[in-house]
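> Here's a sequence, model it:
(one chain, ligands or ions: 1)
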Amino acid sequence: MPSLTVHHLQVGQGERVPWLLEELNIPYELKLHQRNPLFSPPDLKALHPMGASPVLEDATGNTEKPLILGESGAIVEYIINKYGDGRLALKPDHPNYADYLYWFHFSNSNFQGVIGRVMTVYGVTQDSSNLRVKTVEDRLHVALAHFNKRVAENTWLAGDEFTAADVMSVFSFTTMRKFQNFDLSQYQGILDWLKRCTDRPAYRTAMKKGDPELDIEELISPKGPAKFEGFAKMVALLQQKKKKL
Ligand SMILES: N[C@@H](CCC(=O)N[C@@H](CS)C(=O)NCC(=O)O)C(=O)O
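Next comes the predicted model:
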């Protein structure tokens, strides 16, 4: 029996890990951490050099010195391969193997990067006559149209089967919009896929355990959820600091 502890900074991409574990029916302990007011609190920072969530502690067979693993993608692959008998992953001989790999990595690598660039540029200006604003907005819509086409033509990202590619991706279109919102009204394929994913009992159970405060209907709505309040607190703190200087 595995001995797994998942550290999850609430309202964040750590939600992927309990969701996966619920899908695979693998037991785990969930340790919740709160943003302070936006970034990780000291106890989470102390766990891993990057101080980011999620972090997996695997004490199976070694309670003295548990293995510590960061990066949600690495954690998801580790759990599937080590304790999940390869379930929710496609094997190299599957016709959709390349699709599985591509979509497994797309959201957390390409798409999160695009959203990060939008967030950075909007932090300076949202004036759409500004070339940087236009460039990042165009890139965001290219990525959304690309993703939308995939899920409009396929039930799940890797094809007919629900896989870890779906688990890796939902966060970027739901909870991530509490940090940088984007309108999904014109992307019906994504909205329908979000409904299919978030209707899964394992998703509902994981979110209830990890983020009971989050309203799933709001997260999957076309216009997106309200902004995470830790942002305003962080800005106020920075302004106070500036005044003192
Ligand atoms: N690529 C990493 C990103 C980890 C990450 O940035 N996590 C955020 C939560 S959404 C975090 O811990 N932020 C707080 C901080 O960095 O202090 C992953 O997928 O695990």
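> If you rank every helix and strand of the chain by mean pLDDT, what lands last?
helix 230-244 (a mean of 85; mean pLDDT, DSSP states H and E).
> Break this structure down into its structural domains.
When the chain is parsed with automatic domain parsing, its domains come out as 4-83, 97-219.
> Which other helices and strands does the longest helix along the chain contact?
Longest helix in the chain, counting residues (DSSP state H): helix 131-153. Here helix 131-153 is seen to pack against helix 112-124, helix 188-198 when contacts are counted using 3 or more CB pairs under 8 Å, 6 or more residues apart in numbering; DSSP states H and E. C-betas here are computed from N, CA, C, even on glycine.
> can you list the residues that contact the least confident helix or strand of the chain?
Val11, Arg35, Pro37, Leu38, Phe39, Phe179 (CB atoms under 8 Å, 6 or more residues apart in numbering).
> got it, and stretch 179-193?
115-116, 118-119, 122, 140, 144-145, 147-153, 156-157, 166, 173, 194, 220, 222-225, 227-228, 231.
> Just give me the neighbour total for the closest residue in space to Cys197 that isn't next to it in sequence.
Leaving aside its sequence neighbours, Cys197 sits nearest to Val170 (CB to CB, 6 or more residues apart in numbering; 5.0 Å). Neighbour count for Val170, taken as other CB atoms under 10 Å: 23.
> about what we covered before: buried ones from the contacts of stretch 179-193, can you make that a ChimeraX selection?
With 16 or more other CB atoms under 10 Å as the criterion, this ChimeraX line picks the buried residues out of the contacts of stretch 179-193:
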select :115,118,140,144,147,148,150,151,156,157,166,173,194,220,224,225,228
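> Looking at the domains of the chain, which is nearest to the ligand?
domain 4-83 (3.2 Å; CB to the nearest ligand atom).
> ok, and does the closest one reach over to the ligand?
Yes. Applying CB under 6 Å from any ligand atom, one finds that domain 4-83 is in contact with the ligand at Leu9, Gly12, Gln13, Phe39, Ser40, Gly51, Ala52, Ser53, Pro54, Glu71, Ser72, Gly73.
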